[in-house]
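Student: fold the following.
(2 chains)
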Amino acid sequence: GAVVSQHPSWVICKSGTSVKIECRSLDFQATTMFWYRQFPKQSLMLMATSNEGSKATYEQGVEKDKFLINHASLTLSTLTVTSAHPEDSSFYICSAPRTGMPYEQYFGPGTRLTVT
Amino acid sequence: GIQVEQSPPDLILQEGANSTLRCNFSDSVNNLQWFHQNPWGQLINLFYIPSGTKQNGRLSATTVATERYSLLYISSSQTTDSGVYFCAVGYSMNYGGSQGNLIFGKGTKLSVKP
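Tutor: Below is the predicted model of the structure:
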């Protein structure tokens, strides 16, 4: 099967600090990865699309200067939450389709961010 | 954009009962997936089913693309089936970019009582 990992699985940080979340495709290559956010008891909402070797594309209403995305290789995308505030506390999940099999998506286990 | 509606929003079952979850979508799609989100938040892939019927153990799914709906059947439910079930759809004319992402319904919260 296709495995996607995320690190860390949970993180607590102080307001004003930055947090980096990694998303890795372990056994396949992914030229595109997606970052979603899920608030408690709600559905997943797409934040941005991470493209290997090029700039990320952000959904309307998502601040690109606050949520920095880097897709440095075919197996790694990172999301950095800069100057975090309590309202950024959420569950962040990444997904990736296999290169060459563009439709089915595989999801990471998620990262729970709490900003105090 | 594509709208995804799931029903029912909540479902309570006695262990051993069968259930059907429904997903309606508003436009043509070339990706439809069913997920089970466990208590720790992990999304478990159940089915990739843009059309047709698939079965995996006690679970099966059917998508009628021409009528824009999909059904997830759970037979002989167990307490471990509890959680939220999401339907998600996507459409991609050209691979890559935001057109390849999934759009999620609001989910069906299933509680199976012993």
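Student: near chain A, which residues of chain B?
Tutor: B:30-31, B:33, B:35, B:40-43, B:45, B:48, B:50, B:86, B:88, B:90, B:92, B:95-98, B:100-107 (Cβ under 8 Å from any Cβ of the partner chain). Using the backbone N, CA and C atoms, a C-beta is placed for each residue, glycine as well.
Student: are any of the residues you listed buried, and if so which?
Tutor: For the residues of chain B next to chain A, a burial check counting by 16 or more other Cβ atoms under 10 Å in any protein chain shown picks out B:31, B:33, B:35, B:41-43, B:48, B:50, B:86, B:88, B:90, B:92, B:96, B:98, B:100-107.
Student: of those residues, which belong to strands?
Tutor: When DSSP state E is applied, these are split such that B:Asn31, B:Gln33, B:Phe35, B:Leu43, B:Tyr48, B:Phe86, B:Ala88, B:Gly90, B:Ile103, B:Phe104 fall in strands.
Student: tell me which of the residues you listed is nearest to A:Cys94?
Tutor: Nearest to A:Cys94 out of those is B:Leu43 (Cβ to Cβ; 10.7 Å).
Student: for that closest one, give me its contacts.
Tutor: By Cβ atoms under 8 Å, 6 or more residues apart in numbering or on different chains, the residues touching B:Leu43 are A:Ile93, A:Phe107, A:Gly110, B:Phe35, B:His36, B:Gln37, B:Phe86.
Student: any chance of these in a markdown table, with distance to A:Arg24 and pLDDT too?
Tutor: As requested, the contacts of B:Leu43 are exported to a markdown table (distance: Cβ to Cβ, whole Å; pLDDT from 0 to 100):
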| residue | distance to A:Arg24 | pLDDT |
| --- | --- | --- |
| A:Ile93 | 14 | 97 |
| A:Phe107 | 13 | 94 |
| A:Gly110 | 14 | 97 |
| B:Phe35 | 20 | 97 |
| B:His36 | 23 | 97 |
| B:Gln37 | 21 | 96 |
| B:Phe86 | 23 | 98 |
